[in-house]
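Let's see this in three dimensions:
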Amino acid sequence: MYNKTNLQNPQRMRLITLVSTIGGLCFGYDTGVISGALIFMKYDLNLSPAQEGFITSFLLFGAALGSLFGGYLSDKQGRRKNLLWVAAIFMFGALGTAFAWDVPR
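The predicted structure follows:
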């Protein structure tokens, strides 16, 4: 599966640690952004506390599912195709967010 000597290489371990740290930083940043955005979304979209919870939890569930399946998909179809799919999903998500006028009740 993995070459044991390749994982014992200090430079390789630094790279793995750096990538993991940046991933955790991005996840924390996203969580901070949604908490700041909820203040404005609450009043602009007239959200109930339950709706606020659902909106916030979707970010966390999406990140968890992405981390579970992202590695598998990268191994299966390659990183380049995986990144293209993620970019397309992100684009449609951004468009959906831009055109959302309210949250269905």
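
For the residue most central in space within the chain, give me the pLDDT.
What sits nearest the mean C-alpha location of the chain, by CA atoms, centre = their mean, is A63, with 4.0 Å. On the pLDDT scale, A63 is placed at 77.

go on, A50?
Looking at A50, its pLDDT reads 90.

let's have the chain start at 5 instead
Taking 5 as the first residue, the last one we looked at is A54.

That one and S61: what is the separation?
In this structure, A54 and S61 are 11 Å apart, going by CB to CB, to the nearest Å. (Glycine included, C-beta is placed from N, CA and C.)

more crowded one of the two?
Shown here are A54 and S61; by other CB atoms under 10 Å, S61 has more neighbours (11 against 8).

mind checking the SS state of that one?
Taking DSSP: H, G, I helix; E, B strand; the rest coil as the rule, one finds S61 in the helix state.

which residues touch stretch 29-47?
Contact partners of stretch 29-47, identified using CB atoms under 8 Å, 6 or more residues apart in numbering, comprise L51, E56, I59, T60, L63, L64, A67.

ok now do A91, which residues does it touch?
Counting by CB under 8 Å, 6+ apart, A91 has no contacts.

and it, helix, strand or coil?
A91 - assigned by three-state DSSP - is helix.

One more: T35?
Judged by three-state DSSP, the three-state class of T35 is helix.

count of residues packed around it?
13.
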